[in-house]
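Engineer: coordinates only, sequence not included:
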Ligand code: NAD
Ligand code: MG
């Protein structure tokens with residue numbers, strides 16, 4: 001039996017992962033499940049899967065979790081240290097599906113044990129790519145990408161030489177607003193931004209898809225995971241979300257990964273790797289689809305893509321600063337304090353201020369502490385800039 005843990009089990013990726021495990025129940029032993037505020041879901045899954053341990057990130061909910069697990073034999077714990085301990089429990093395979101920079105430390109804890117890390121939490125690579133990759137090398141752990149585009153690239157690269165790769169193209173659906181006129185974007189509401197045309201995902205990544213910040217994070221994620229020169233990373237708008245990524249080779253061939261927009265494909269690929277096994281994913285009927293469209297992104301509508309290039313050029317702590325500012329911009333948008341089109345200028349202002357400071361993004365001797373401190377400063381800076389924007393507003 002494979003011992004598996006799921007960090008962020010109550011979220012969209014976490015629930016899809018449990019769905020796959022449920023279908024082949026006898027093949028797995030569930031070690032740890034973690035969640036946030038939704039302790040009822042966490043406790044019910046921990047009972048159903050006979051987990052050894054359930055952890056809520058929210059320390060104030062420990063009693064609720066204990067009550068919900070009473071008599072089940074599942075151990076309950078709460079808080080950040082408990083999350084890291086859950087991640088470090090011996091397991092063969094750990095799913096990293098916490099949203100945001102909060103996923104970094106638990107992911108590193110899992111890598112430290114040598115477990116295979118299925119990485120959905122793109123923020124780990126954006127904020128601390130070199131640290132994450134070094135942790136895997138040090139323990140001999142393998143990281144398997146779960147973000148659909150990166151899983152697609154990984155699959156297209158199987159058996160290929162990296163030296164022959166000339167370009168990597170990540171596709172983007174364009175999110176909720178791809179057909180909206182630019183003028184209308186300023187008035188976009190949270191409810192409107194939270195509806196994805198093709199994918200069913202957590203609210204934060206859905207809004208990041210509408211703003212294209214998700215694609216910006218994914219460009220950086222691709223650079224860090226595959227060690228690509230930023231100039232070789234391209235983005236194409238592809239409204240159908242059927243081609244997830246393409247890899248170009250020196251002989252001119254482009255290998256595309258095509259599949260329905262269902263995360264259980266990428267999750268299942270990481271779960272079964274290196275084998276391919278049947279997955280509950282609908283077969284694609286290309287004749288019924290009819291057309292696959294591609295177009296270049298418009299950087300006026302999607303300034304996040306330009307910022308991603310700046311971050312990749314800068315390196316070091318720029319990714320941590322970028323991600324933290326983006327997370328706060330999103331918090332302010334969700335809370336109704338900022339408009340949809342205020343998010344990118346806010347992130348750009350934070351990058352400008354922090355990169356201008358002496359040693360601003362200097363990433364020599366990157367450590368978790370330095371990343372955490374850059375993250376903290378960037379969040380404070382983002383809050384100050386948000387206040388300026390609201391006052392001017
Ligand atoms: P989600 O919001 O649905 O779930 C997030 C999970 O993280 C929940 O279990 C929540 O309780 C937990 N969590 C939230 N804040 C936390 C904190 N501070 N500390 C510890 N745990 C916390 O998110 P999601 O859509 O499943 O996305 C998870 C990750 O996977 C993100 O990094 C996202 O970018 C990435 N991803 C998601 C999809 C998708 O289809 N949803 C696709 C590709 C990549
Ligand atoms: Mg993706």
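Structural biologist: Happy to help now that I have it. Not measured: the values here are computed from a predicted model. Ligands and ions are numbered 1, 2, ... in the order given.
Engineer: what number of residues lie near the closest residue to ligand 2 within the stretch 1-150 of the chain?
Structural biologist: Per C-beta to the ion, residue 147 is where the stretch 1-150 of the chain lies closest to ligand 2, at 4.2 Å. Glycine gets a C-beta too; all of them are placed from N, C-alpha and C. Close neighbours of residue 147, defined as other C-beta atoms under 10 Å, add up to 27.
Engineer: Touching, residue 94 and residue 112? I think so.
Structural biologist: No - contact criterion C-beta atoms under 8 Å: residue 94 and residue 112 do not qualify, at 10.8 Å.
Engineer: which one of these two has more residues nearby?
Structural biologist: Per other C-beta under 10 Å, whichever of residue 94 and residue 112 has more neighbours is residue 94, with 29 against 16.
Engineer: I'd assumed that one was in a helix, is it?
Structural biologist: No - assessed with DSSP: H, G, I helix; E, B strand; the rest coil, residue 94 is strand; it does not lie in a helix.
Engineer: separation between it and residue 128?
Structural biologist: 17 Å (C-beta to C-beta, to the nearest Å).
Engineer: can you list the residues of the stretch 101-250 of the chain near ligand 2?
Structural biologist: Within the stretch 101-250 of the chain, the residues that sit near ligand 2 (C-beta under 5 Å from the ion) are 147, 148, 149.
Engineer: Could you give the separation of the helix or strand containing residue 308 from the chain centroid?
Structural biologist: Assigned by DSSP states H and E, residue 308 belongs to helix 303-314. Centroid separation between helix 303-314 and its chain, computed with C-alpha atoms, centre = their mean, to the nearest Å, is 17 Å.
Engineer: buried residues in that helix?
Structural biologist: For helix 303-314, the neighbour count (16 or more other C-beta atoms under 10 Å) marks 303, 304, 305, 307, 308, 309, 311, 312, 314 as buried.
Engineer: Which of those residues sits closest to residue 250?
Structural biologist: residue 312 (22.3 Å; C-beta to C-beta).
Engineer: tell me the contacts of that closest one?
Structural biologist: Neighbouring residues of residue 312 by C-beta atoms under 8 Å, 6 or more residues apart in numbering: 219, 220, 223, 230, 233.
Engineer: Tell me the spacing between the closest residue to the first one other than its chain neighbours and ligand 1.
Structural biologist: Take residue 219 and drop its neighbours on the chain: the residue closest to it by C-beta to C-beta, 6 or more residues apart in numbering is residue 308, 4.4 Å away. When distances are taken as C-beta to the nearest ligand atom, to the nearest Å, residue 308 and ligand 1 turn out to be 15 Å apart.
Engineer: ok, now which ones touch residue 308?
Structural biologist: By C-beta under 8 Å, 6+ apart, the contact set of residue 308 is 215, 216, 217, 219, 220, 322.
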